[in-house]
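Chemist: for reference, the sequence and a predicted model appear below.
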Amino acid sequence: MAENVLYYGDNLEVLKKYIADDSIGLVYLDPPFNSNRDYNVIFGESGDPNADAQRMAFGDTWHWTKQTEEAFNELGQIAPPRLVEMMNGFVSMLGRNDLTAYLMMLGGRLVQLHRVLKPTGALFLHCDPTASHYIKVMLDAIFGRDKMINQFTWKRSSAHSDAKQGAKHAGRISDIIFWYAKGDEWTHNIQYIPYSKDYIKSTYNHTEEGTKRRYALDNLTGPGGKRKGNPEYELMGVTRYWRYSKENMDVLLREGRIVQDKPGKVPRYKRYLDEMPGVALQDIWTDINPVQGRSKEWLGYPTQKPIKLLERIVKMASNPGDKVLDPFCGCGTTIAACESLGNRNWIGIDITFLATSMIENRLHTQFPGSQYRLIGQPNTISGARELARQDSEEFEYWALRLVGARPAEGEQKKGADGGTDGVLFFPDPKTRKQTRVSVQVKGWKRKVGPESVRAFGRVIERDKAAIGLFLTLSEPTKAMQIEAASVGKYKVEYMGGELEYPRLQILSIEGLLEEKESAKLPLGITSGLKPAEKFRPKPEDFTQNMFVTPPMLDDDEDDFSDDQEDDE
């Protein structure tokens, strides 16, 4: 069974329920907290009308709610006393607002992350300067002040950054990355960065005839001379205390590594540039560019980090075979780094289906054949109905995953004539151009019948899509199938003949889950992602949305069928 696991759910609950004590070699987390917006609002008291209005544009910040208050009380039962006292101080000083809610929710998770780390494990926490000072004090309280190894500064943006004309502050162009160890021993694999061009030019300023290898001439005398025990002997007519024994110096002579410019001058050692690893990594990182829209890495995820950044962290602080955990895995860059290196196991956790679907697609396209388990997403029709009742938007993202579609960002959304929820593409066999497939999802409490199918037919025409996929949580009626058939066929030329595909295809969620149905696309193009290793969690494995438990409806099968139009 695959050791890599992707969880959908609240990372606090996943950590408590699934992740064992002392089992993780490296934790990397980048909690969602975006200071690029008007972050001063986070200091507004909860209930302040002005602050509440601004919060509508601050969706990636946690808010002080009833659940936060409960977490505040629970923290006193699980956290070190010094952390509890510190959080009391934060709340007294700052009030019950979005900043303290953020710190409160983060505090409980940091306690759990400390628990799951091996004694030799380490944690990297990535944040921007908005709350980094508070977070560092929290980490000191949980791990111990003496367990901070480094505070890295990563230049994540250009010199322009947010220092626009009229701004009353210097440009904010850096992120902070804290490195903490759990115990007294930890993994550290030294990383190197290339020498600068100026350094190479000034130091490696010799070129060897024939090989054209650049080299520098280095001192051969032993530092400290006789006092440090360096051997004294004659070399090429010069007597000194040397840093190598006579035997080793003879080897270097035979290899041509000793250079004497002229008789009587002190010989020097020939150090080749191509044998040097570079400069040992320091705590200010300016050599890794952020991921931007023109980058090949760009997935459209707002806080996406470059894979080189995560590869550096994973290589520096873990060894092959170690397990790496990212509890806020977002678009999956930590997972991608582990897959790219090919010798680390990983655990990823995220609270949104949009993120887990994006990660699955990333694994499918960039690392075909990767093995992992997926836990927490519904895999039965009853689980799908439960998700639809709880959160229609998350249900929509999850349903799109069943056919390998991505959300139709920026597309026309629901209206009088329906809308496009997702999109995928296939190469036209004749033109080889990417051809569009539009997807619409019908879930909980949406009236579904022939008119819904007819409206989606108009959406297909509007989108200029070759094929439309209509995903429905309720079973399609005969009248709906007749309406879909009336939309016609999509035809493609193939090997001198012609193939036909239904232009509007109705697929039931239950049929997709049980693999009894699949989209019919040209030339055997698969409609879904390559499935993860089969794993059937128990009903209680399904986790609800973080911090908010929506009101539950009665488990009545008729709730879905009542909305369906009659076949007649």
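Modeler: Received it, and whenever you're ready, just let me know what you need.

Chemist: show the average pLDDT along whichever helix in the chain runs longest.
Modeler: Among the segments of the chain that qualify as a helix by DSSP state H, the longest is helix 98-116. Mean pLDDT, helix 98-116: 92.

Chemist: how far does it sit from its chain's centre?
Modeler: 19 Å (CA atoms, centre = their mean, to the nearest Å).

Chemist: need the next SSE after it, C-terminal direction.
Modeler: strand 117-127 (DSSP states H and E).

Chemist: the one helix or strand Ala216 maps to - contacts with which helices or strands?
Modeler: Assigned by DSSP H and E, Ala216 belongs to strand 214-219. Packed against strand 214-219 by the contact rule (3 or more CB pairs under 8 Å, 6 or more residues apart in numbering; DSSP states H and E) you find strand 206-207, strand 268-272. (C-beta placed from N, C-alpha, C; glycine too.)

Chemist: for the residue of the chain most remote from its centre, give me its contacts.
Modeler: Residue farthest from the centre of the chain, counting by CA atoms, centre = their mean, is Gly237 at 62.1 Å. When contacts are counted by CB atoms under 8 Å, 6 or more residues apart in numbering, Gly237 touches 263-264.

Chemist: point out where the chain drops to low pLDDT.
Modeler: 1-2, 33-62, 159-161, 163-165, 409-418, 444-446, 523-568 (pLDDT under 70).

Chemist: residues contacting the residue nearest to the spatial centre of it?
Modeler: Central residue of the chain (CA atoms, centre = their mean): Gly332, 3.0 Å from the mean position. Counting by CB under 8 Å, 6+ apart, Gly332 touches 348, 355, 358-359, 362-363.

Chemist: next: Leu83.
Modeler: 75, 107, 111, 138, 141-142.

Chemist: what of Val423?
Modeler: Val423 is in contact with 405-406, 408, 411, 436-439, counting by CB under 8 Å, 6+ apart.

Chemist: again, 6 Å this time
Modeler: 408, 438 (CB atoms under 6 Å, 6 or more residues apart in numbering).

Chemist: I'd assumed it was in a strand, is it?
Modeler: Yes - according to DSSP: H, G, I helix; E, B strand; the rest coil, Val423 belongs to a strand.

Chemist: from Ala405, how far off is it?
Modeler: According to CB to CB, to the nearest Å, Val423 stands 6 Å off from Ala405.

Chemist: and for Ile307?
Modeler: Distance, Ile307 to Ala405, by CB to CB: 24 Å.

Chemist: tally of neighbours for the closest residue to Leu424 other than its chain neighbours?
Modeler: Of all residues not flanking Leu424 in the chain, Ala405 sits nearest, at 4.4 Å (CB to CB, 6 or more residues apart in numbering). For Ala405, the neighbour count with other CB atoms under 10 Å is 28.

Chemist: who wins for neighbours among the contacts of Leu83?
Modeler: Gly107 (25 neighbours).

Chemist: sorry, back to before: not counting the strand holding Ala216 itself, show me its contacts.
Modeler: Around strand 214-219, the neighbours that count as contacts under CB under 6 Å, 6+ apart are 203-204, 206-207, 259, 268-273.

Chemist: tell me which two of these sit farthest apart.
Modeler: Farthest pair in the contacts of strand 214-219 (CB to CB) is Thr207 and Tyr269. Separation: 16.7 Å.

Chemist: settle it for me: which of the two has more neighbours?
Modeler: Tyr269 (17 against 12).

Chemist: tell me the secondary structure of Lys491, please.
Modeler: strand.

Chemist: next: Asp162.
Modeler: Going by three-state DSSP: Asp162 is coil.

Chemist: right, I'll leave it there.
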